[in-house]
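**Q** Any chance you could fold what I've pasted below:
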Amino acid sequence: MSLIEKRWFKIMIAIILFLLIVYLVRVNQFILTPIVVLLKTIFLPFVLAGILFYLCRPLVTWLESKNTPRWLAIIAAYVAIILFIYGVIKLVAPILNDQLENFIDNLPAMVATVTDWVQYVQENKSTFPDFVQEAILNASEELESTIESNVGNIANGILGVFGLIGGFITTIFNLVLVPFILFYMLKDSDRFAPSVAIFAPQSKKEHVKNILKDVDKTIATYIQGQILVSVIVGLLLLVGYLIIGLNYSLVLAMFGMFTNVIPFLGPYIAVIPAFLVALFQDPSKVLFVAIIMLVAQQIEGNVISPNIMGKTLNIHPLTIIVLILTAGSLMGVIGIIFVIPAYSITKVLVVNIVKIFRAS
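**A** Predicted coordinates:
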């Protein structure tokens, strides 16, 4: 066997070519500027349409199985989306808006309560050992300074998060591309894999179709599963908060529901405003909030996710942490949200390509 025919040599050549392409792209970034601008422009519409596609496709598929024409099934999916949005606006939005406004109005008083507690600890620190006193002094000064300087940022951040959440539905209608993209995704989704497989050699067509099928299954599992899991976690938090009589229970539960899409860090982010509200309302409720969050996460991690997500996205926790830290450093919150599905898709591609390579 000649050197060119050896597998390790082919792999080495492929790596060198890949690195060369990366270098050329880096050197000639100006050539890609129009493409980058185009991708940024269509990114949000395609992401929104893609999420809606995977949410609507089960309904369209079910209706087609009942001998409903596809175009009529797609219209039914659109009607379902509109009815859902109308129901949320009519039933949930008024309560959510009132609670959110009250929460923002009371946020300075909550922060003042925390500041008073910090001052109380400072005034009574003489009862603690010297090293504890020094630690309390340093931590208290830093905490008080941070809180006082970021009250406005906290309020604006919360308003921004819920403003983004509230504007999500409006964005769908404002972005003219989304309904059209969604329509053609639902209409022509069956043609995608065969259209891509055309460019593959005859012997690899079935492999390409299988890879695309696995990628599609991975994306569908993540989107459908993550949304369903987040909704269930939000309901669990809402029931728990209502049981203990926590103020702003709907706002806090919805905040927990939306932050749950952030892998690993979501629960810790969600519990911060709940702790703040509990501390302001009744310090004894802080323990109950912690118990509710712990129970909800245990149910989600051991019962809900395994049954909904299955083992399709079986990723080791250490891998998730590394991915989140890396993506967060490179791309911020957007990177943290998209890194897990991106990793899952890459994993599927690599596993299938390796199988094809070994079979050849």
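
**Q** which residues of the stretch 151-300 of the chain fall in helices?
**A** 177-197, 205-244, 249-259, 266-281, 285-299 (DSSP state H, counting those that start in this stretch).

**Q** How many residues are close by the closest residue to Leu72 other than its chain neighbours?
**A** Once flanking residues are discounted, Leu72 sits nearest to Leu63: 7.4 Å by C-beta to C-beta, 6 or more residues apart in numbering. (Each C-beta comes from the backbone N, C-alpha and C, glycine too.) Leu63: 18 surrounding residues under other C-beta atoms under 10 Å.

**Q** likewise Gln226?
**A** Counted with other C-beta under 10 Å, Gln226 comes out at 21.

**Q** Geometric centre of the chain: which residue is closest?
**A** Val261 (3.3 Å; C-alpha atoms, centre = their mean).

**Q** I'd say the residue nearest to Leu72 and Ile75 touch.
**A** No: look at Leu63 against Ile75 with C-beta atoms under 8 Å: they stay out of range, at 9.9 Å.

**Q** which residues of the stretch 1-150 of the chain fall in helices?
**A** Taking DSSP H, counting those that start in this stretch as the test, the helices found in the stretch 1-150 of the chain are 7-27, 29-65, 70-87, 93-123, 130-174.

**Q** The second one - contacts with which helices or strands?
**A** So that's helix 29-65. helix 70-87, helix 130-174, helix 177-197, helix 205-244 (3 or more C-beta pairs under 8 Å, 6 or more residues apart in numbering; DSSP states H and E).

**Q** pLDDT below threshold where in the stretch 251-360 of the chain?
**A** Within the stretch 251-360 of the chain, the ranges that satisfy pLDDT under 70 run 308-314, 317, 359-360.

**Q** Give me the mean pLDDT for stretch 59-69.
**A** Taken as a whole, stretch 59-69 carries a mean pLDDT of 90.

**Q** mind listing what's buried in that stretch?
**A** Residues of stretch 59-69 classed as buried by neighbour count (16 or more other C-beta atoms under 10 Å): Leu59, Val60, Leu63.

**Q** same check, this time on stretch 267-284
**A** Buried residues in stretch 267-284 (16+ other C-beta under 10 Å): Pro267, Ala270, Val271, Pro273, Ala274, Leu276, Val277, Ala278, Leu279, Phe280, Gln281.

**Q** so what's the residue nearest to Leu72 up against?
**A** Residues near Leu63 by C-beta atoms under 8 Å, 6 or more residues apart in numbering: Leu72, Ala73, Ala76.
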